[in-house]
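Trainee: Here you go, sequence then predicted model.
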Amino acid sequence: MDGLTESNNGVPESHSGWTFVTNHARVLAAIADNHTARIRDIAAHCRLTERAVQKIISDLERDGYLSHTREGRSNTYRIDPGKVLRHPAEAGLTVASLLSLLVQDEQDRTPRPEDRRHPSTA
């Protein structure tokens, strides 16, 4: 096994150590999946605190990657897909490019049994 464990509802358990995707990218991908997601739901999906998600959303809004409109008691988020990523190593890549890698149908997210094997046993 590669250290990937799942809870009973199929959502990966929290992970310690480094990861390939930043929390900002995770939050953005969660919003791309559901533009009306509540902060509580985004936090649960991303395994972050609600306070951390609020800060990340604030960062993304401040820099123009995300905006929201208030509709009753909920927010609807809008992502700017043409906004260019911040790091010089990703010069020219857009949010749409990033999200095309991160956002998939829920069916595609569920790891297949053969994907859970260690690469040396495959």
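Mentor: Thanks, I have it.

Trainee: Please name the nearest non-neighbouring residue to Ala91.
Mentor: Distance criterion C-beta to C-beta, 6 or more residues apart in numbering; nearest residue to Ala91, sequence neighbours excluded, is Val84 at 7.4 Å. Heads up, the C-betas are built off the backbone N, CA and C, glycines and all.

Trainee: My guess is the one you found contacts Leu98. True?
Mentor: No. In terms of C-beta atoms under 8 Å, Val84 does not count as a neighbour of Leu98; the distance is 10.4 Å.

Trainee: since we're on the residue nearest to Ala91, how many residues are nearby?
Mentor: Neighbours of Val84 under the rule other C-beta atoms under 10 Å: 14.

Trainee: residues in contact with Ile79?
Mentor: Listed by C-beta atoms under 8 Å, 6 or more residues apart in numbering, the contact partners of Ile79 are 28, 31-32, 35, 65-66, 95, 99.

Trainee: Would you show me how to pick out the buried ones of those in PyMOL?
Mentor: Restricted to buried positions by 16 or more other C-beta atoms under 10 Å, the PyMOL selection for these reads:
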select buried, resi 28+31+32+65+66+95+99
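
Trainee: Next, check the contacts of Ile79 against the helices and list the overlap.
Mentor: If you go by DSSP state H, the contacts of Ile79 have 28, 31-32, 95, 99 in helices.

Trainee: Could you find the closest non-adjacent residue to the residue sitting nearest the centre point of the chain?
Mentor: What sits nearest the mean C-alpha location of the chain, by C-alpha atoms, centre = their mean, is Arg26, with 2.1 Å. Leaving aside its sequence neighbours, Arg26 sits nearest to Cys46 (C-beta to C-beta, 6+ apart; 4.5 Å).

Trainee: cool, and Asp63?
Mentor: Per C-beta to C-beta, 6+ apart, closest to Asp63 is Arg86, 7.3 Å.

Trainee: What distance do you get for the one you found to Ser16?
Mentor: Separation of Arg86 from Ser16 (C-beta to C-beta, to the nearest Å): 26 Å.
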